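Asker: sequence plus predicted model, see below.
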Amino acid sequence: MLFAQPYWNLSGVDCPCGCGASLSPLTFLTCPSCSNVVLSCDDSQAVYAPPREVASSGDFVTLAEPFGSADVLCPVCRSVALSEYRPSTSEEVRALGFEPGEYE
Ligand SMILES: [Zn+2]
Ligand SMILES: [Zn+2]
């Protein structure tokens, strides 16, 4: 039996892209090549990293502007585009230091 891969979203954080989405618009995504984890806006596909800094409104960087992720390569391995990242697993999200409740 096949189950759709679940998506995990960051809870309670306003998206930096200004999309105005209030219901956890930021999705955890993982690089299929090097396992780097980023946050992507469901609305605009803007990509931010690292997730821990986005969550704390800290010193994060914008890896891809809205609707630009297809052209931007993974900043770590540079072998796949950000648009090819897959949904992160719960284990991968927890490995970044997020507790259940901080993501959903
Ligand atoms: Zn957004
Ligand atoms: Zn990578």
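Answerer: Cool, got the structure. Ligands and ions are numbered 1, 2, ... in the order given.
Asker: and for the most centrally placed residue in the chain, nearest residue in space, chain neighbours not counted?
Answerer: Geometric centre of the chain, nearest residue: residue 39, 1.6 Å, by C-alpha atoms, centre = their mean. Spatial nearest neighbour of residue 39, chain neighbours left out: residue 26 (4.4 Å); criterion: C-beta to C-beta, 6 or more residues apart in numbering. Bear in mind the C-beta positions are built from the backbone N, C-alpha and C, glycine included.
Asker: for that neighbour, give me its contacts.
Answerer: 9, 10, 13, 15, 39, 40, 41, 42, 48, 54 (C-beta atoms under 8 Å, 6 or more residues apart in numbering).
Asker: pLDDT below threshold where in the chain?
Answerer: 1-5, 21-22 (pLDDT under 70).
Asker: what about the helices in it?
Answerer: 51-55, 90-95 (DSSP state H).
Asker: what's in contact with the longest one?
Answerer: What it means is helix 90-95. With C-beta under 8 Å, 6+ apart, helix 90-95 has contacts from 6, 8, 28, 30, 35, 37, 51, 100, 103.
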